[in-house]
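Asker: What follows is a predicted structure for the sequence shown.
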Amino acid sequence: MDFQRLLLTKDCELFRFSVGIESIAYLLFVDTFSLAPKSFGEAIFEDDFNPNDNHILVQCAILRELTTLEREEILSFAEKLLSSKPSIDYMVDFFYAEADLESDYPEGDGVFDLVNKINELFKSNIVIEDTSSINNIVQK
């Protein structure tokens with residue numbers, strides 16, 4: 001399985017996972033810069049939840065049923081990416097995507113199209129103001 005980072009902003013990061021030429025999933029990390037809500041912890045720990053210093057939302061939009069190995073690889077990827085963060089709460093939320101995130105990205109205004117599709121799919125609020133920042137590691 002291959003992955004490609006499609007977007008990196010100050011508070012989010014998006015990856016596409018593929019097998020051969022087939023896109024199978026998109027993984028979005030959103031840094032909330034805040035504590036996890038009580039409802040997050042209660043779902044896992046019931047009444048004994050003490051949030052860590054930061055909550056990172058992790059959503060995985062799947063384009064087809066994943067094999068057990070594919071799912072484990074995506075979970076392992078997320079764990080490896082976040083394992084160096086000493087005090088965070090996160091959980092990977094898998095859901096079916098109704099459509100692929102096809103766009104003209106990274107050409108022209110394709111980044112705006114991609115961001116609009118990301119926001120629609122993940123119900124997020126990512127904003128890119130400077131299309132030239134697509135040439136930088138972090139998009140603004």
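Answerer: Arrived safely, thanks for sending.

Asker: C-alpha from now on. contacts and neighbour counts both.
Answerer: Fine.

Asker: Is Ala36 in a helix, a strand, or coil?
Answerer: Assigned by DSSP: H, G, I helix; E, B strand; the rest coil, the conformation of Ala36 is coil.

Asker: show me the residues around it that make contact.
Answerer: Contact partners of Ala36, counting by CA atoms under 8 Å, 6 or more residues apart in numbering, are Pro51, Asn52, Asn54, His55, Asp89.

Asker: Distance check, it against Glu42.
Answerer: Distance, Ala36 to Glu42, using CA to CA, to the nearest Å: 10 Å.

Asker: Same check on Phe95?
Answerer: Counting by CA to CA, the gap from Phe95 to Glu42 is 21 Å.

Asker: before we move on, back to that, can you flag the buried ones in the contacts of Ala36?
Answerer: Buried by 16 or more other CA atoms under 10 Å: Pro51, Asn54, His55, Asp89, out of the contacts of Ala36.

Asker: List the contacts of the second one.
Answerer: The neighbourhood of Asn54, defined by CA under 8 Å, 6+ apart, consists of Asp31, Thr32, Phe33, Ser34, Leu35, Ala36, Ser87, Ile88, Asp89.

Asker: can you rerun that using 6 Å?
Answerer: Shown in contact with Asn54 (CA atoms under 6 Å, 6 or more residues apart in numbering): Phe33, Ser34, Leu35, Ile88.
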